[in-house]
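> From the sequence below, what's the structure:
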Amino acid sequence: MAIENVQQLLTEQLGKNAGTLVFDSSSGALTSKNFYCVYFPVTSTITALGANNVTDATKLQVEVPAGTSLFMNITSITISGGVGIGYTE
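Residues are numbered from 1 along each chain as shown. Purely as a prediction, here's the structure:
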């Protein structure tokens, strides 16, 4: 995942890439994903998190405040409250 130019960066930040996913606790466990970022616009509780090349990702199974962004290769995530927005390339 490399940003090739400013236009690509702006496109991704505005959520105009295909594959942006809004999810909440009713979405259940999201698996086989390839998110490079998950943004939480409201206070949310992460109950499960899988990420490639991350040591101790389970330590992120906490309540996160509104406005939190996680930048890593997230392959699976479950939340028990709140809302998340997952971004893919």
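> and stretch 50-68, how far from the chain's centre?
10 Å (C-alpha atoms, centre = their mean, to the nearest Å).
> hang on, I meant stretch 42-53
Stretch 42-53 has its C-alpha centroid displaced from the chain centroid by 8 Å (C-alpha atoms, centre = their mean).
> same thing with stretch 7-14?
16 Å.
> Need the mean per-residue confidence for that stretch.
On average, the pLDDT along stretch 7-14 is 72.
> and stretch 68-76, average pLDDT?
Stretch 68-76 comes out at a mean pLDDT of 94.
> Now tell me what touches that stretch from outside.
Outside stretch 68-76, the residues that touch it by C-beta atoms under 8 Å, 6 or more residues apart in numbering are 1, 29-40, 44, 48-54, 57, 60, 86. For glycine as for every other residue, the C-beta is placed from the backbone atoms N, C-alpha and C.
> try it again with 7 Å
Stretch 68-76 is contacted by residues 29-31, 33-40, 48-54, 60 when judged by C-beta atoms under 7 Å, 6 or more residues apart in numbering.
> Stretch 14-32 now?
Contacts of stretch 14-32 (C-beta under 7 Å, 6+ apart): 11, 48, 76-89.
> at 10 Å what do you get?
For stretch 14-32, contacts defined as C-beta atoms under 10 Å, 6 or more residues apart in numbering pick out 8, 10-12, 33-35, 38-39, 41-42, 44-45, 47-48, 50, 74-89.
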